[in-house]
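Participant: Predicted model, plus sequence, below.
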Amino acid sequence: MPGSPLIDLALADKHVFVVGVGNGIGRACVCTFAAAGANVSCFDIDEAAANASVDAIGAQGRAFTGDASRLDDLRAAHDTATTEFGPVDVAVDVVGETRWGRTIELGDDVWEESFDLALRHFFNLARVAGRAMSDRGRGSIVAIASVSGLRSAPLHGAYGAAKAAMMSLVRTLAMELGANGVRVNAVAPGAVLTPRVEAMMSEDRRAASAANIPLGRFATPDDIARAVLFLSSDLASYITGQTLIVDGGATAQFPLSLRA
């Protein structure tokens with residue numbers, strides 16, 4: 001229509017429930033949604049992290065503490081958040097942590113812990129938020145996956161397997177919930193320079209890794225948050241069951257040397 005804005009995210013005053021709001025992708029998601037005018041419920045196992053995210057956005061935020069791998073914790077926070085901010089319009093799962101080691105040397109406990117850390121919380125969020133959205137007839141769920149679930153995952157095989165399972169679950173949920181007006185998508189980051197990654201890697205290793213990425217740099221948490229924002233918004237109203245790769249072109253590379 002003449003005079004209408006070219007881009008309308010339609011997120012102003014919407015309620016976004018973000019699971020995993022630590023100082024990285026989760027915090028960036030909280031701030032990005034708040035900048036788009038949304039109210040954000042910030043859920044984290046770390047009370048300080050949840051409170052810090054709320055401090056970053058002021059009255060648009062509420063902090064909730066609990067373990068996302070426990071269904072009751074997530075349901076209680078979701079129900080309280082709904083009372084304070086209204087029904088959840090967008091649910092975002094950012095939780096994820098890897099365990100390192102050669103796959104054939106992993107113990108059962110490490111394997112099971114890896115799946116809990118990388119997948120169970122998304123299953124729980126889908127059961128809680130997805131059910132409520134289905135009852136209302138609308139909503140969007142976005143999960144943070146990983147390129148490790150799309151390619152090989154050397155020395156973090158359990159994590160890669162869990163993220164591959166997450167993307168499969170995204171597609172299945174999209175099929176099951178689509179008729180109820182609920183969209184389900186994922187973002188698969190490549191190398192992201194979060195505070196944790198920055199602390200783990202030497203400057204030389206960061207430079208060497210960045211040189212292998214076509215765009216020549218690591219992603220920032222904001223790069224990933226903007227992709228999540230897009231998939232959550234009305235700009236993506238006809239997109240569901242998809243995984244958006246945000247990796248600077250890393251997985252698009254030709255596998256052999258281009259030198260003559």
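Facilitator: That came through, no problem. Keep in mind that this is a model prediction, so the values were computed, not measured.
Participant: could you pull out the strands for the stretch 1-150 of the chain?
Facilitator: Ranges of strands in the stretch 1-150 of the chain, per DSSP state E, counting those that start in this stretch, are 15-19, 39-44, 61-65, 90-93, 139-144.
Participant: Mind listing the strands the fourth one pairs with, and their directions?
Facilitator: Its sheet considered, strand 90-93 pairs with strand 15-19 (parallel), strand 139-144 (parallel) by DSSP bridges.
Participant: now for the next helix or strand after the last one, which elements pack on it?
Facilitator: Which is strand 139-144. Note on strand 139-144: by DSSP states H and E, the next helix or strand toward the C-terminus is helix 157-177. Here helix 157-177 touches helix 108-115, helix 121-125, strand 139-144, strand 182-189, going by 3 or more C-beta pairs under 8 Å, 6 or more residues apart in numbering; DSSP states H and E. Heads up, the C-betas are built off the backbone N, CA and C, glycines and all.
Participant: Any chance of the ones you listed in TSV with mean pLDDT as columns?
Facilitator: Formatted as TSV, the helices and strands packed on helix 157-177 follow (pLDDT from 0 to 100):
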stretch	mean pLDDT
helix 108-115	88
helix 121-125	96
strand 139-144	98
strand 182-189	97
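Participant: For residue 88, which of the ones you listed is the nearest?
Facilitator: For residue 88, the closest of the helices and strands packed on helix 157-177 is strand 139-144, at 7.0 Å, according to C-beta to C-beta.
Participant: could the helices and strands packed on helix 157-177 go into CSV alongside mean neighbour count?
Facilitator: Shown next, in CSV, are these (neighbours: other C-beta atoms under 10 Å):
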stretch, mean neighbour count
helix 108-115, 14
helix 121-125, 25
strand 139-144, 27
strand 182-189, 26
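Participant: For my notes, please list those in TSV and give distance to residue 34 for each entry.
Facilitator: TSV is the format used below for these (distance: least, C-beta to C-beta, whole Å):
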stretch	distance to residue 34
helix 108-115	32
helix 121-125	20
strand 139-144	16
strand 182-189	18
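Participant: Of all the strands of the stretch 1-150 of the chain, which one is nearest residue 51?
Facilitator: When the strands of the stretch 1-150 of the chain are compared by C-beta to C-beta, strand 61-65 sits nearest residue 51, at 5.0 Å.
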